[in-house]
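# just to be clear, the model below is a prediction. Sequence and coordinates:
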Amino acid sequence: MYKYLATIFGGIILASLGFLHTSIVSAEQPPAYFSTSFYGGDIARSRDKEKFREDWQLRDDSFIGGLEHLKLRYPLKDGWLIKSEIKTLPGQRNHDLRLEVLKEDLFYARLNYKRFPHYYDSSGGVYKNFNTPFFVIPEEPIADRQNFLLELGLTLPDLPIFTFSYEKKLRDGEISSLTWGEATETVNRHIVPTIKDVDDNANIIKIGSEYKHDIANIEVEQRWEFTDVETTRTEKNFTNGLPSAADATVIDEKATYYESSQTTVKIDKTINKKLSISGGYRYTKVDNDSETSIQTFNSAGAINPGGFRNNWFDSDSDSDVNSHLWNFNVLASPIKDLTVQGSFRLKNVHRDSVSSYKNDRAPVQEHDITARTNNTTFGEAIRVTYKRIPRIVPYFEAGWQQDDIEVKEKESMTDFFQRDTDMDYDRQTYTAGLSFYPFKRFSGSIQYRKEFEKNEYDDDLDIEAGNISGGYSAFIEEQDIDTDIYTIRLTSHPVSAVSTTFRYEYRGQEIDSKMEGLSSEQAHTDTQTFSGSVTVTPFSNLFLTSMVMHQNLVAKSRARWDARAPLRAFEGSSTTFVNTAIFALNEKTEFSADYQATLAGNYDESVTDYAPDPIGLPLEHDYTLQTLTLGVKHKIRKNMTLWSKYSLYDYDESHIADIDDYTDHLFAVGGEIRFR
């Protein structure tokens, strides 16, 4: 395959160079701009390669390098212009081709093709008290992705601009994730790693028109999407850190066909210098059909009928969605230095779905579920800014949103599953802040944001004593969310060689939930974020910069909010450092160094009055990720530069057996050539 791709891209390169030569001879135009950059290298690996691939999306067992870019920009006769750019890294299976042909006030055509892989780690966290907290899947999950985009446009003067585009997206391979399964080591826990095979094929077509006129500016776009997705998820059980061959395996297969149509209209008009308005409408229609089968297999690979899990089959599931969205915006300046922005938004979404399920137990259980959802959303917002006060710019923002959602669900064959719920959401946001610059070399801003959210759920089908056919026994009846956010930002430039920035944000949130048949459940979170940077240029040939960001999260929750219930406390923190130094030895030689590090740690505490052991799935994960890059550039000619670099990637974590630790060394050399 690599030889085939190399032949294609090599032909494109030779054709581009040949065309360039011919055009320069024949066209009475300035010479073209042409540049190319290439490099080659290798990675020396130590320990876990799958984790390294997931973190950096680099294959460490293949050649690093290739053609980083080949750019061509050439003007032809009569205003025509050709632009192209090629990237191909064969060892990494990463390729990118861009081609554009255009003539001002007439036409343009753009072509873009990308192919690149996405790598996933093969391990998944389970339970910190296990001797093997990370269980490993034998496979090495990789998903190959391809994107193709063709755009055409007609740009005649004094006429509307017409556009057309066709986009194709492909994804084929395996994805790693966590799922609900069984992990056994003295006790059972239910988080295990899994592999999902994905075959995704999407086709997107757009046609549009844009017209600018003294009366108004109008944009219209019609979009269609046709997507086929087939997925197969394999769920295995684990015992003492290894897949359990004697236990059953669950295969979850889905086939989905997605078809949508979207029509968008936008209009904006400038009335005068003090007033402008804009508005839009979008209509979306979605048809989603799918089939599902969930089957349990025994150790011999045969279907286990009526095993410890049901084998469920959904021969047909159909969902139809219709959505209408209107919005209106105003920008006004009623008096000098006062700016007012306002917006109104109305959205309605209606969804109907029908699904038929059955299993293979004796007797066979069949369920025919119908559902209907109607969602109406009103949103209003306003922002006021005043610039008359010397060196201070205050502003105020407010936003309101009201949602009314009606959900009806019914199992029409046995009345096993029913629901009739009316949901009301009320969200309010208020923001006050100001920007200030009291001195020439100093500026900053402060902001306070308050968010309220009140959710109410009215179930017409309530649970009755001895009757489990309607509603939900623990469905939330009411929920209140209260959030406070404080932000401060400072920037200073005390001398010409030094500049600094600092930012701090505090976010506190209280959540109070009331459930049917139970007492309330409360939760509280505190998040603090600090970040700052310093840039120093003591000499004209030396540049130094350093940045640090620290985040701390504390979360507490109490189920049922009584003295006997457990208090769950979690705290996590992460700190990231970025340091860069660039030193120009002379006009031809430059040295650079870059060091980055991330330190993360979190722990879980459980306090209970009636149970000595932790509950749930405690999390304990500390790691350090470091990268160091040293480089040198040397300009051997005015238009030719050679460079080399060394990079160190090191990852160390606290898990038993260091299962995801790695240390990789990258060595690379390359060059760049430019012509004008």
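Thanks, I have it. Predicted, not measured: the structure shown is a model, and the values here were computed from it. Numbers count the residues shown, from 1 in each chain.

# measure the most centrally placed residue in the chain to residue 666 for me?
Most central in the chain under C-alpha atoms, centre = their mean is residue 118, positioned 14.1 Å from the mean C-alpha point. According to C-beta to C-beta, to the nearest Å, residue 118 and residue 666 sit 20 Å apart. C-beta coordinates here come from the backbone N, C-alpha and C atoms, glycine included.

# same question, residue 94
Residue 94 is 15 Å from residue 666, by C-beta to C-beta.

# can you check residue 174 too?
The spacing between residue 174 and residue 666, counted by C-beta to C-beta, is 26 Å.

# list the contacts of the one helix or strand residue 512 maps to.
Using DSSP states H and E, residue 512 sits in strand 498-515. The contact list for strand 498-515, computed with C-beta atoms under 8 Å, 6 or more residues apart in numbering, reads 474-494, 520-536.

# quick check: neighbours of that strand in the sheet, parallel or antiparallel?
strand 476-495 (antiparallel), strand 520-539 (antiparallel) (DSSP bridges).

# hang on, the earlier thing: got a quick PyMOL command for the buried subset of the contacts of strand 498-515?
Selection of buried members from those for PyMOL, criterion 16 or more other C-beta atoms under 10 Å:
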select buried, resi 475+476+477+478+479+480+481+483+485+487+489+490+491+493+520+521+522+523+524+525+527+528+529+531+533+535+536
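
# ranges for the helices of the chain?
Secondary structure of the chain, counting by DSSP state H: helices at 2-26, 49-56.

# ranking the ones you listed by mean pLDDT, which is last?
Lowest mean pLDDT within the helices of the chain: helix 2-26, at a mean of 42.

# quick check: which ranges of the stretch 501-650 of the chain have low pLDDT?
Along the stretch 501-650 of the chain, the parts satisfying pLDDT under 70 run over 516-520, 558-569, 603-620.

# ugh, wrong one, the stretch 1-150 of the chain
Filtered on pLDDT under 70, the stretch 1-150 of the chain yields the residue ranges 1-30, 125-126, 128.

# verify the contact between residue 388 and residue 337 for me.
Yes: using C-beta atoms under 8 Å, residue 388 makes contact with residue 337 at a distance of 4.0 Å.

# contacting residues around the closest residue to residue 649 other than its chain neighbours?
Nearest residue to residue 649 in three dimensions, chain neighbours excluded: residue 664, at 4.4 Å (C-beta to C-beta, 6 or more residues apart in numbering). Shown in contact with residue 664 (C-beta under 8 Å, 6+ apart): 43-46, 52, 60, 648-650.

# 7 Å - rerun?
43-46, 52, 60, 649 (C-beta atoms under 7 Å, 6 or more residues apart in numbering).

# so what's the residue count around residue 136?
Residue 136 is flanked by 19 other residues according to other C-beta atoms under 10 Å.

# and stretch 442-453, how far from the chain's centre?
A distance of 26 Å separates the centroid of the chain from that of stretch 442-453, by C-alpha atoms, centre = their mean, to the nearest Å.

# list the buried residues in that stretch.
443-445, 447, 449, 451, 453.

# repeat for stretch 213-222
218-219, 221.

# ok, stretch 96-106 next?
In stretch 96-106, counting by 16+ other C-beta under 10 Å, buried: 96-100, 102.

# swap in stretch 280-287?
280, 282, 284, 286.

# equivalent analysis for stretch 33-48, please.
34-39, 41-43, 48.

# wait, which of the contacts of residue 664 is closest to residue 251?
Checking the contacts of residue 664 against residue 251 by C-beta to C-beta gives residue 52 as the nearest, at 30.1 Å.

# contact partners for the closest one?
Under the criterion of C-beta under 7 Å, 6+ apart, the neighbours of residue 52 are 60, 649, 662, 664.

# need these in a markdown table (columns: distance to residue 396).
Listed next are the contacts of residue 52 as a markdown table, based on distance: C-beta to C-beta, whole Å:
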| residue | distance to residue 396 |
| --- | --- |
| 60 | 53 |
| 649 | 47 |
| 662 | 50 |
| 664 | 51 |
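
# in strands, which of these appear?
If you go by DSSP state E, these have 649, 662, 664 in strands.

# is the first one bridged to anything, and to what?
Applying DSSP bridges to residue 649 gives these bridge partners: residue 627, residue 664.

# that one and residue 629, how far apart?
Taking C-beta to C-beta as the criterion, residue 649 is separated from residue 629 by 10 Å.

# which one of these two has more residues nearby?
Ranked by neighbour count (other C-beta under 10 Å), residue 649 and residue 629 place residue 649 first, with 22 against 16.

# wait, doesn't that one sit right on residue 628?
No: assessed by C-beta atoms under 7 Å, residue 649 is found out of contact with residue 628, at 8.5 Å.

# how far does stretch 52-66 stretch from start to finish?
Using C-alpha to C-alpha, to the nearest Å, one end of stretch 52-66 lies 21 Å from the other.

# mind listing what's buried in that stretch?
Within stretch 52-66, the residues that count as buried by 16+ other C-beta under 10 Å are 52-56, 58-60, 64-66.

# same question, stretch 136-147
Applying 16+ other C-beta under 10 Å to stretch 136-147 flags 136-137, 141-143, 147 as buried.

# do the same with stretch 546-553
Buried residues in stretch 546-553 (16+ other C-beta under 10 Å): 547, 549, 551, 553.

# report the two of these separated the most.
The largest separation in the buried residues of stretch 546-553, counting by C-beta to C-beta, is between 547 and 553 at 20.5 Å.

# hmm, residue 90 is touching residue 67, no?
No: contact between residue 90 and residue 67 fails when scored by C-beta under 7 Å: they sit 9.1 Å apart.

# find the nearest non-adjacent residue to residue 384, please.
residue 396 is the one closest to residue 384 (C-beta to C-beta, 6+ apart), at 5.0 Å.

# got a markdown table for the buried residues of stretch 280-287, with distance to residue 243 too?
Formatted as a markdown table, those follow (distance: C-beta to C-beta, whole Å):
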| residue | distance to residue 243 |
| --- | --- |
| 280 | 53 |
| 282 | 48 |
| 284 | 43 |
| 286 | 39 |
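
# same list (these) but as a markdown table, adding distance to residue 639 and pLDDT.
Below are these laid out as a markdown table (distance: C-beta to C-beta, whole Å; pLDDT from 0 to 100):
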| residue | distance to residue 639 | pLDDT |
| --- | --- | --- |
| 280 | 48 | 97 |
| 282 | 50 | 97 |
| 284 | 51 | 97 |
| 286 | 53 | 96 |
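
# and the contacts of stretch 394-407?
For stretch 394-407, contacts defined as C-beta under 7 Å, 6+ apart pick out 373-386, 419, 421-434.

# same question for stretch 296-313.
Counting by C-beta under 7 Å, 6+ apart, 245-246, 248-251, 293-295, 357-362 sit against stretch 296-313.

# could you measure residue 350 against residue 222, distance?
From residue 350 over to residue 222 (counting by C-beta to C-beta), the distance is 21 Å.

# residue 235: neighbour count?
Neighbours around residue 235, by other C-beta under 10 Å: 21.

# what's the per-residue pLDDT of it here?
84.

# please name the nearest non-neighbouring residue to it.
residue 250 is the one closest to residue 235 (C-beta to C-beta, 6+ apart), at 4.1 Å.

# and stretch 353-365, which residues are buried?
353, 355-360.

# so which residues of the stretch 1-150 of the chain form strands?
All strands of the stretch 1-150 of the chain, identified by DSSP state E, counting those that start in this stretch, fall at 33-47, 64-75, 80-89, 94-103, 107-119, 123-125, 134-136, 142-154.
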